[in-house]
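1. Okay, here's the prediction I keep looking at, along with the sequence it came from:
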Amino acid sequence: MDAYNYQQLSQLIGEAVQVSDQQGNQVSLKIIEVNKGQLDGEQWEAFSVIYTSDEAMNISQGTYRFSHQAFGQIDLFLSPNSAVEFETIVTRSRAQEAQAGSQA
């Protein structure tokens with residue numbers, strides 16, 4: 001999850017990400033916004049990513065596998081905002097992030 005962060009995703013605005021479910025169904029969604037969350041600061045990394053599709057899709061909220069060359073593969077919870085707009089929200093402790101980095 002280290003590569004799926006605010007800085008990295010901000011550089012991917014306009015790029016497509018592959019999203020797949022456990023049954024192997026796959027769609028391409030485009031990153032259109034990356035926004036810092038209210039908790040973002042010294043103790044927490046908090047951000048949301050808004051994705052869009054060119055056509056209406058019936059994607060229910062749940063956990064999906066996201067794939068992109070810049071961050072690899074990661075399982076994330078996705079929520080629909082509309083039939084063409086979807087969102088992931090990440091809030092994680094920076095202490096855990098630093099601890100994971102020191103163990104690598």
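-> Received the coordinates, thanks. Residues are numbered from 1 along each chain as shown.

2. show me the contacts for the most centrally placed residue in the chain.
-> Ranked by distance to the mean C-alpha position of the chain (CA atoms, centre = their mean), the top residue is Thr88 at 4.9 Å. By CB atoms under 8 Å, 6 or more residues apart in numbering, the residues touching Thr88 are Ser48, Val49, Tyr51, Phe66, Leu76, Phe77, Leu78, Ser79. Just so you know, the C-beta spots here come from the backbone N, C-alpha and C atoms, and that holds for glycine as well.

3. separation between it and Glu42?
-> Note on Thr88: its distance to Glu42, by CB to CB, to the nearest Å, is 23 Å.

4. Tell me the strands beside the helix or strand that contains the residue nearest to the centre of the chain, with direction?
-> For Thr88, the host element (DSSP states H and E) is strand 85-93. Next to strand 85-93 in the sheet, as set by DSSP bridges, lie strand 44-52 (antiparallel), strand 72-80 (antiparallel).

5. what residues does the last one touch?
-> The list of residues contacting strand 72-80 from outside it, by CB under 8 Å, 6+ apart, reads 1, 3-4, 19, 51, 59-67, 86-90.

6. ok, now stretch 49-62?
-> 9, 17, 19, 21, 27-35, 77-81, 83-88, 90.

7. End to end on it, go ahead and measure it.
-> Using CA to CA, to the nearest Å, the gap from the first to the last residue of stretch 49-62 comes to 15 Å.

8. what's the neighbour count on the residue nearest to Gly37 when sequence neighbours are not counted?
-> Once flanking residues are discounted, Gly37 sits nearest to Ala46: 3.0 Å by CB to CB, 6 or more residues apart in numbering. Neighbour count of Ala46, defined by other CB atoms under 10 Å: 18.

9. Distance of Ala46 relative to Gln18?
-> As judged by CB to CB, Ala46 and Gln18 stand 25 Å apart.
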